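Novice: could you look at this predicted model? Sequence included:
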Amino acid sequence: MKPTEYFYTFRKKRRIVSKNMRREYFFRPKDQSRRTVVSENLKAAEDTSDREIVGYRLLDAPRELVWKAWTDPNHVVHWWGPNGFTNTIESMDVRPGGVWKFVMHGPDGVDYPNRIAFIEVVKPEKLVYTHGSDETDHPGDFFVTVTFKDLGGKTELVMRSIFKTKEARDEVIEKHGALEGMNQTLSHLEEYLTKMA
């Protein structure tokens, strides 16, 4: 490959990242280097359909209310998680670089520590974050984008989780019921919103 071809290819990839994910580069958690964020963004610009779990809901609630239910610890504690789970929120700082730490208590008595690091927060339109255990750089960590689209009193919510590999995605679906868990979680949100209205 000629140097000019390499440069053009690099610029093209960079333009995609710059266009679609500019904020992740600038608003990164303090413990991430620029190189790590750019590298993750280049990977995310590729086709990720074989590594994704996507949840969708058309919610009968205004976007601002859905945003509040998702970002206020006094609300999220009541609906987050699959059937039978409860939550203890340790901290929730919804801003670029902020962290949400919580423990999900399973119906089997097992506690599951979680850590979400916010990369992009565009109120009330979009949240971008990494989700994993309370360990940093855990191999099971995954990248999440949640969009809230205003449909005139209703909200279209799309939650897209992207895993590092297809195998990692398949494992959480098969061993942990992640697809069913996401659907149950979004159903809980839908039900909780009727109580908030």
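Specialist: Perfect, I can see it now.

Novice: which residue ranges of this structure form helices?
Specialist: 3-26, 34-44, 63-71, 73-79, 166-176, 178-196 (DSSP state H).

Novice: who's the spatially most central residue of the chain bridged to?
Specialist: The C-alpha lying nearest the average C-alpha coordinate of the chain belongs to residue 144 (C-alpha atoms, centre = their mean; 2.4 Å). In this entry, residue 144 is beta-bridged to residue 129, residue 161, by DSSP bridges.

Novice: and it, how far from residue 84?
Specialist: 22 Å (C-beta to C-beta, to the nearest Å). C-beta here means a position set from N, CA and C on the backbone, and glycine is covered the same way.

Novice: domains in the chain, by residue range?
Specialist: 1-46, 50-196 (automatic domain parsing).

Novice: got the contact list for residue 180?
Specialist: Applying C-beta atoms under 8 Å, 6 or more residues apart in numbering, we find residue 180 in contact with residue 82.

Novice: and if you look at residue 146?
Specialist: Counted by C-beta under 8 Å, 6+ apart, residue 146 has contacts 70, 126, 127, 128, 157, 158, 159, 160.

Novice: that older thread, which of the domains of the chain sits most buried?
Specialist: Neighbour counts (mean count of other C-beta atoms under 10 Å) averaged over each of the domains of the chain peak at domain 50-196, with a mean of 16.

Novice: what's the span of stretch 104-123 from first residue to last?
Specialist: 26 Å (C-alpha to C-alpha, to the nearest Å).

Novice: circling back: mean pLDDT for the domains of the chain - can I get that in TSV?
Specialist: What follows is the domains of the chain, written out as TSV (pLDDT from 0 to 100):
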stretch	mean pLDDT
domain 1-46	46
domain 50-196	95
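
Novice: perfect, I'm done here.
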